[in-house]
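1. coordinates only, sequence not included:
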């Protein structure tokens, strides 16, 4: 078959047009002018789970103009960030966005010239904030009119406050209900509202706590929109913070947390990657908040469920909790390698942990190369004289692999310091399931684990309360 020159040109034109159309539909642009930021670098960043990444970058021209682009894979929440860290959030939902303003540091000057969902996001953010402030004021007044004998008899005023609160809440709900169906903001804003309202509900509207907790449990962690939202960490923190501050007894708090943990695991079981990522982050959150009964439940739930496939790092972290949880007996530590013990006479230095004659022993694993260890150990040096006076001893187990580094680092410590220069392969490190530094344990005279503090401050608070104040 032969083609004429005109047919050939026409076919080339159609091919170019199709390619151009495909590229146009696959991505969108963000155009803007920040008049107060000429010739400045600017980046568009997005979210992937608990991390952020750079989607695109540019340098503004002499007028502050810039062009950035994003693709369908980037859709979710994003933010523009300048070289000095100033940020402005945008909804990446497949629509072109146009901005105009003075500076990222002055968000009130920024106008959205184009971008329907972004305008709805900006409008709700502004209006919802004002509604919440007003509701808090009405909550405060309602409490006064309910409890203060000077105002308790003014039933009309109480009824007015009640009706006004309901009007404001209905107005907020009506705005959310009016959002375009299947739009990103119609999914995002109710969850962001739930996260933001946790502290207000706990303080002023405790009757809403059960509903809010149920809403947290109903969130689908398998929804891809959530991993692109930047809300994952806030969502978990607010969820468990609300349970912790719900006014329940401690036993009831832990029961509610276990129910929430089970809901999350059940939701995530079909996705190994998400289960490990979110499970690991939740474990860190519970440990950081000293919610040890909840972190124990999470550990055992994941380790004992054969349908949960855990990666090596998470499995090791959880196994360390199971093996070294509060109430368990801590393994023996052999004082091999180099031992520094300035408080002991030559020939009387303990040879193992059980030889240490004290009512309580703090065991801390660390190293000179650990960024946080100098901070924690400096605090420990300052606290040690008071601890020692109440029969609390400290044993520092170093993961250094250099004699010079160990002795330079530990020579100033007034307590026992040991190092076998085997780093992570040290038998002591392996027996204690240490996977990060610093790792701290508080043991009693029988080497039973009393506490797994995450900082010297937390440890000192325990010692101050249980040993000092209670014994006065």
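-> Right, received. Where do you want to start? Everything numeric in this text was worked out from a predicted model, so none of it was measured.
2. Need the three-state assignment for residue 117.
-> Put simply, residue 117 is helix when judged by DSSP: H, G, I helix; E, B strand; the rest coil.
3. what residues are up against it?
-> By C-beta atoms under 8 Å, 6 or more residues apart in numbering, the contact set of residue 117 is 91, 93, 95, 180, 183, 184, 185. Placement of C-beta: from N, CA and C, glycine included.
4. Equivalent analysis for residue 199, please.
-> For residue 199, the contact set (C-beta under 8 Å, 6+ apart) comprises residue 241.
5. What are the buried residues along the helix or strand harbouring it?
-> Taking DSSP states H and E as the definition, residue 199 sits inside helix 184-204. For helix 184-204, a neighbour-count test (16 or more other C-beta atoms under 10 Å) marks 184-186, 188-189, 191-195, 197-198, 201-202, 204 as buried.
6. So which of those residues is the closest to residue 172?
-> Distance to residue 172 across these (C-beta to C-beta) is lowest for residue 193, with 7.8 Å.
7. quick one: the closest residue in space to the closest one that isn't next to it in sequence from residue 176, how far?
-> Nearest residue to residue 193 in three dimensions, chain neighbours excluded: residue 128, at 6.6 Å (C-beta to C-beta, 6 or more residues apart in numbering). Counting by C-beta to C-beta, to the nearest Å, the gap from residue 128 to residue 176 is 9 Å.
8. Look at the two and report which has more neighbours.
-> With neighbours defined as other C-beta atoms under 10 Å, residue 128 and residue 176 compare such that residue 128 has more, 19 against 14.
9. so what's residue 69 up against?
-> 27, 28, 29, 30, 56.
10. Pipe those residues into a markdown table and attach pLDDT, distance to residue 350 and neighbour count per row.
-> As requested, these are exported to a markdown table (pLDDT from 0 to 100; distance: C-beta to C-beta, whole Å; neighbours: other C-beta atoms under 10 Å):
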| residue | pLDDT | distance to residue 350 | neighbour count |
| --- | --- | --- | --- |
| 27 | 63 | 66 | 16 |
| 28 | 90 | 67 | 20 |
| 29 | 91 | 69 | 16 |
| 30 | 93 | 65 | 26 |
| 56 | 95 | 60 | 20 |
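11. Now intersect these with the strands, please.
-> When the contacts of residue 69 are checked against strands (DSSP state E), the matches are 27, 28, 29, 30, 56.
12. What residues does the last one make contact with?
-> It refers to residue 56. Residue 56 neighbours (C-beta under 8 Å, 6+ apart): 43, 44, 68, 69, 70.
13. Buried only: go through those for me.
-> For the contacts of residue 56, buried by 16+ other C-beta under 10 Å: 43, 44, 68, 70.
14. which one of the residues you listed is nearest residue 398?
-> Closest to residue 398, out of all of the buried ones among the contacts of residue 56 and judged by C-beta to C-beta, is residue 43, at 40.7 Å.
15. related to what we said a few turns ago, the contacts of residue 117: which two are farthest apart?
-> 91 and 180 (12.1 Å).
16. Name every strand pairing with the helix or strand harbouring residue 361 and say which way it goes.
-> Following DSSP H and E, one finds residue 361 within strand 360-366. Strand 360-366 sits in its sheet next to strand 392-398 (parallel), strand 439-444 (antiparallel), going by DSSP bridges.
17. right, and those - which one's nearest residue 372?
-> Short answer: strand 439-444, nearest of these by C-beta to C-beta, at 10.8 Å.
18. contacting residues around that closest one?
-> With C-beta under 8 Å, 6+ apart as the criterion, strand 439-444 contacts 324, 330, 359-366, 376, 432, 449-456, 459, 462.
19. Check stretch 345-353 too.
-> 330, 332-335, 339, 341, 344, 356, 361, 363, 395, 416, 447.
20. Same question for stretch 370-385.
-> Counting by C-beta under 8 Å, 6+ apart, residues outside stretch 370-385 touching it are 362, 364, 366-367, 394, 396, 399, 412-415, 437-438, 440, 455-457, 460, 463.
21. hmm, try it at 6 Å
-> 366, 414, 415, 437, 438, 456, 460 (C-beta atoms under 6 Å, 6 or more residues apart in numbering).
22. Name the SS class of the residue lying closest to residue 267 once chain neighbours are set aside, please.
-> In this structure, residue 267 finds its nearest non-sequential neighbour in residue 221, 5.1 Å apart by C-beta to C-beta, 6+ apart. Three-state assignment for residue 221 (three-state DSSP): coil.
23. Next one: residue 221 from residue 181, what distance?
-> Taken as C-beta to C-beta, the span from residue 221 to residue 181 is 23 Å.
24. Give me the more crowded residue out of those two.
-> residue 221 (19 against 5).
25. What separation do you get for the more buried one and residue 148?
-> In terms of C-beta to C-beta, residue 221 sits 44 Å off from residue 148.
26. With residue 63 instead?
-> To residue 148, residue 63 is 59 Å away according to C-beta to C-beta.
27. before we move on, the earlier item: tell me which of the contacts of residue 69 is nearest to residue 100?
-> Nearest member of those to residue 100, counting by C-beta to C-beta, is residue 30, at 12.0 Å.
28. Tell me if I'm right that that closest one and residue 98 touch.
-> No: with contacts counted by C-beta atoms under 6 Å, residue 30 stays clear of residue 98, the gap being 7.8 Å.
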